[in-house]
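Participant: Below are the sequence and a predicted model for it; my questions follow.
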Amino acid sequence: MTVPAAAASTASRLRLRNALAISLIACLCLVAQAPAPAAFASGGLTISGSTFQLDGQPFVPQGFNSIAALYSPWCTSPTTQAAANNFGTAELNAAKTNWNANTLRFQVSQPVLAGANGAAYAAQVQADADMALSDGFVVDISMQDESLACGPGEPLPSLETENAWTTLTTNTTLGSDPDVMFELFNEPQNSPVTTASTNPQQKTWVDWQSGGRQIDPTTTQTWSAYTPVGFQDLVNLMRTTLNVSNVLVADGANKAATLAGVPTLTDPGPSYQIAYAVHPYVYTDGQSSWNTRFGQLAGTNAVMATEWNFTASQCGKTAETMAAQFLSYMKYTVHVGVLGQALDVFNGELMADTSLDPTQCGTASPGGGHDFLNDYLEPDTQAPSVPARLTATAVSGSEISLNWSPSTDNVEVAGYQLFSVAGGIDTFITDITSGTSYMVTGLNDATTYTYAVDAYDPAGNVSQTSASASATTPDTEPPSVPGNLALALGTGTINLSWSASTDNVGVAGYTIFRDGEVLGTTTQLTYSDTTVVEGSTYTYAVAAYDADGNSSAQSGSQSMTFPDTTPPSKPLSLKLSPGVKSITLKWLASTDNVGVAGYYVYRYQTLIAQVGGTTLTYTARGLRSGIRYSFHLVAFDGAGNLSAPTASVSARAK
């Protein structure tokens with residue numbers, strides 16, 4: 001491997017960093033302010049389901065740890081000083097170029113951040129992170145409370161952990177950097193027991209999640225009894241108090257050896273941005289155990305291994321012989337990112353020193369370097385094949401069903417990305433991680449939509465976009481209801497008029513209803529009913545319809561009676577029958593288009609009586625005997641139409 005030239009000498013770089021940290025101790029305290037509210041952007045590192053994404057594309061974190069940031073004027077050790085001496089552009093470029101690393105995990109000191117020099121130390125962390133970020137790395141900040149961090153190594157987070165995160169996020173811009181994730185507490189030492197315990201030395205998942213119960217040390221531990229803070233408390237602090245939007249990482253139990261039984265944390269932010277971390281140093285128990293310890297959770301949540309290695313002392317043992325199988329499982333079976341331990345620990349462990357050529361348990365790079373580089377970090381650059389035979393089928397006015405043939409890949413197809421296509425621009429809709437079909441919902445009816453898909457693999461390689469497919473949703477939207485229905489009499493007609501309806505694809509016509517039955521249709525805003533019958537009352541309504549057969553509701557109804565102008569026929573065969581001082585009239589019934597309402601009886605020219613339409617006789621009484629009287633009749637109907645009068649008929653009363 002080629003060694004890039006260092007940007008500055010080790011000594012000058014270390015002096016510069018220490019001077020920067022000390023000089024900023026006062027000024028940073030003055031400029032620290034509450035960060036802006038959290039807002040998860042689509043850019044940077046995010047989590048979608050069980051997948052990390054970087055700038056909206058699938059992303060698998062892979063790279064190294066660095067302990068360089070643990071060295072400061074307030075926490076020194078020969079190991080961390082050696083790491084700090086070597087940290088810089090040359091080392092970062094080697095990790096990126098020769099080892100294909102994309103993520104760097106900085107271990108930072110919880111006691112120093114929570115102490116009197118926390119603000120100045122936060123500036124040092126910012127400077128180290130900025131160097132990695134500017135070189136294109138995603139950064140993981142891991143809160144450490146062990147020997148190299150100058151802490152007592154408490155088994156669970158404490159109030160000091162909260163204070164450390166507060167100092168770091170309020171004195172740096174890391175809490176608003178979308179390429180930075182925060183690993184809340186390194187290697188909690190709780191037991192993966194799910195039920196609460198009264199034993200003050202038994203640390204369970206309940207303590208891990210909620211804290212609040214005093215934990216006592218054993219005789220071999222140096223930390224004092226304290227009340228731990230739960231991981232959920234840390235999440236709430238980061239989101240609601242410190243308002244950071246970063247991806248948060250929670251380590252598993254038994255120094256992060258297992259996630260089996262981990263309580264799923266709640267994210268009070270606008271979307272779920274919490275990942276879970278393991279340190280699978282012990283992996284010789286085989287795949288069945290891996291599936292239990294972290295593989296099962298990896299199917300539903302984002303999981304990464306933030307530390308892994310086997311040392312030179314394990315060469316020739318099971319750890320060496322199973323390394324390739326384990327790394328293959330992590331990369332291709334559960335798609336879990338792995339960060340090697342470490343970038344810069346020159347003590348016989350995995351390292352990215354470019355002067356060393358890693359061989360299988362060779363002295364050039366002891367431990368897992370050869371396996372990590374060749375079995376995991378070796379890049380997969382082959383994209384999946386293009387999805388074929390994409391079809392789009394409208395199944396309703398708001399849904400289109402998409403189906404396509406599966407892609408193939410040299411490793412595995414991790415999923416598909418669906419795009420809508422309009423005006424030559426592809427707009428991302430969603431990830432499809434299961435199956436080769438998708439139902440698009442919430443569409444507008446009578447609209448044509450065009451779609452395309454591509455495939456991606458766990459390494460983030462993306463295929464070319466498929467040929468597009470289009471479908472038009474059916475028109476299911478009815479026209480608006482016609483308004484302002486009005487009726488008017490015409491010559492032998494009742495004329496209707498109304499206001500126009502509107503429709504998403506245009507009104508094709510109107511249906512006329514009379515007394516609830518369809519009378520006819522028209523494309524106009526008027527209609528004449530020529531089938532009216534005199535004296536009848538009709539009730540009308542109108543509905544609009546479009547070319548796809550959608551019909552509006554009926555308008556408000558209006559009623560009108562067509563007037564009766566036809567008189568009854570003249571009564572026939574009027575006959576008189578004289579009686580004692582009386583004369584009885586009899587006649588044949590008149591006819592009428594709507595019915596005879598009655599008859600008017602006249603004596604000479606004087607109306608003397610009115611009888612009903614079914615009565616065909618009348619007796620005039622109180623007459624004088626021997627006097628001749630003359631009578632005639634007129635029929636009438638309900639509309640007041642009068643028939644012609646009958647001829648006058650006379651007779652003498654007896």
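Facilitator: Received, thanks.
Participant: Could you say which helix or strand holds the residue nearest to the spatial centre of the chain?
Facilitator: Using C-alpha atoms, centre = their mean, the residue of the chain that lies closest to the mean C-alpha position is Thr430, 9.3 Å off. Element membership of Thr430, judged by DSSP states H and E, is strand 425-432.
Participant: what about the helix or strand following that strand, average pLDDT?
Facilitator: Next helix or strand after strand 425-432 toward the C-terminus (DSSP H and E): strand 437-440. Confidence over strand 437-440 (mean pLDDT, whole number) is 97.
Participant: Buried ones in strand 437-440, by neighbour count?
Facilitator: By 16 or more other C-beta atoms under 10 Å, the buried positions in strand 437-440 come out as 438, 440. C-beta here means a position set from N, CA and C on the backbone, and glycine is covered the same way.
Participant: neighbouring strands for that strand, and are they parallel or not?
Facilitator: Note on strand 437-440: by DSSP bridges, its sheet partners are strand 399-405 (antiparallel).
Participant: all strands of the stretch 501-650 of the chain, in order?
Facilitator: Taking DSSP state E, counting those that start in this stretch as the test, the strands found in the stretch 501-650 of the chain are 507-514, 517-522, 526-529, 537-546, 558-561, 572-579, 582-588, 596-603, 606-612, 617-621, 628-637, 649-652.
Participant: To Gln296, which of those lies closest?
Facilitator: Nearest of the strands of the stretch 501-650 of the chain to Gln296, taken as C-beta to C-beta: strand 537-546 at 53.7 Å.
Participant: What angle do strand 507-514 and that closest one make with each other?
Facilitator: If you take axes from the mean of the first three to the mean of the last three C-alpha atoms, to 10 degrees, strand 537-546 sits at 160 degrees to strand 507-514.
Participant: Return the alpha-carbon coordinates of strand 537-546 using CSV.
Facilitator: Below are the C-alpha coordinates for strand 537-546, written out as CSV (Å, rounded to 0.1, in the frame of the first residue of the first chain):
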residue,chain,number,x,y,z
THR,A,537,-99.2,18.8,-11.7
TYR,A,538,-95.6,17.8,-12.4
THR,A,539,-92.4,17.8,-10.2
TYR,A,540,-89.1,18.2,-12.0
ALA,A,541,-85.4,17.8,-11.1
VAL,A,542,-82.2,17.8,-13.1
ALA,A,543,-78.9,15.8,-12.8
ALA,A,544,-75.6,16.3,-14.7
TYR,A,545,-73.5,13.5,-16.1
ASP,A,546,-70.0,13.3,-17.7
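Participant: circling back to that earlier point, point out the one among the strands of the stretch 501-650 of the chain that comes closest to Ser437.
Facilitator: Closest to Ser437 of those is strand 537-546 (C-beta to C-beta; 31.4 Å).
Participant: For that closest one, buried residues please.
Facilitator: 538, 540-546.
Participant: And for stretch 370-383?
Facilitator: 370-373, 375-377, 380, 383.
Participant: Can you flag which of these belong to helices?
Facilitator: Cross-referencing the buried residues of stretch 370-383 against helices under DSSP state H gives 370-371.
Participant: sorry, back to before: can I get the strands of the stretch 501-650 of the chain in JSON lines including mean pLDDT and distance to Thr198?
Facilitator: Compiled in JSON lines, these are given as follows (pLDDT from 0 to 100; distance: least, C-beta to C-beta, whole Å):
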{"stretch": "strand 507-514", "mean pLDDT": "97", "distance to Thr198": "77"}
{"stretch": "strand 517-522", "mean pLDDT": "96", "distance to Thr198": "81"}
{"stretch": "strand 526-529", "mean pLDDT": "97", "distance to Thr198": "87"}
{"stretch": "strand 537-546", "mean pLDDT": "96", "distance to Thr198": "73"}
{"stretch": "strand 558-561", "mean pLDDT": "95", "distance to Thr198": "82"}
{"stretch": "strand 572-579", "mean pLDDT": "95", "distance to Thr198": "117"}
{"stretch": "strand 582-588", "mean pLDDT": "96", "distance to Thr198": "115"}
{"stretch": "strand 596-603", "mean pLDDT": "96", "distance to Thr198": "102"}
{"stretch": "strand 606-612", "mean pLDDT": "95", "distance to Thr198": "104"}
{"stretch": "strand 617-621", "mean pLDDT": "96", "distance to Thr198": "114"}
{"stretch": "strand 628-637", "mean pLDDT": "95", "distance to Thr198": "103"}
{"stretch": "strand 649-652", "mean pLDDT": "95", "distance to Thr198": "125"}
